[in-house]
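# sequence first, predicted model second:
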Amino acid sequence: MITRPATADDAEAIARIYNEGIDDRVAPFETEHRSPTDVTTWLADRLPVVVAEAESEVVTWAAAHPYRARPVYDGIGEFSIYVARERRSAGLGASTLATLIEECERRGYWKLVARIFPENDASVRLCRSLGFREVGVYRRHAKLDGEWRDCVIVERLLGDATS
């Protein structure tokens, strides 16, 4: 498997994989499908987005979006990682997320954060394996499909914030 920064040529695969996550309800609170144009906008905005290819096909991707719209938080990224439906539980996420961590450190980020559904054991284990700590749980953070959902909050310090 090869991990690398995403390009505009990856937009269609990224959108497809993202939409699978939305349909399968593994993505906290997302309900609207994304288009390749949405993904191209992320790249144009210079967000850190990485992909992993297996057999010349994009099978997983990760991105860090701005945490808040205030300059004080410019070094914090709220990350997402998605694996193609047919490739889940095959251990592909670790190298993709590790590549995103490296890219964010290279860009001067000092922290990555995420919200994960507590029952998404694979994502919780992935984050633990890469040094994320569980900060806590947002109880009844929002409703999805009419049901209250909790979220595990994870964070990992990067760069000089680790010392």
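Arrived safely, thanks for sending.

# how about Cys127, nearest residue that isn't a chain neighbour?
Ranked by CB to CB, 6 or more residues apart in numbering and with sequence neighbours excluded, the top spatial neighbour of Cys127 is Val154, at 4.7 Å. Where C-beta positions appear, they are placed from N, C-alpha and C, glycine not excepted.

# can you show me the CA trace of the strand or helix carrying the one you found as CSV?
Element membership of Val154 [criterion: DSSP states H and E] is strand 147-157. Coordinates of the C-alpha atoms in strand 147-157 are reproduced here as CSV (Å, rounded to 0.1, in the frame of the first residue of the first chain):
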residue,chain,number,x,y,z
GLU,A,147,-31.6,8.9,18.2
TRP,A,148,-29.3,10.6,20.7
ARG,A,149,-25.7,9.7,20.1
ASP,A,150,-22.6,9.9,22.3
CYS,A,151,-19.1,10.6,21.0
VAL,A,152,-15.7,9.7,22.4
ILE,A,153,-13.3,12.6,22.2
VAL,A,154,-9.7,11.9,21.3
GLU,A,155,-6.6,14.1,20.9
ARG,A,156,-3.0,13.8,20.1
LEU,A,157,-0.4,16.5,20.6
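
# what's that strand packed up against?
Counting contacts by 3 or more CB pairs under 8 Å, 6 or more residues apart in numbering; DSSP states H and E, strand 147-157 packs against strand 111-116, helix 121-129, strand 133-144.

# so which of these comes closest to Asn19?
Of all the helices and strands packed on strand 147-157, strand 133-144 sits nearest to Asn19, with 15.7 Å by CB to CB.
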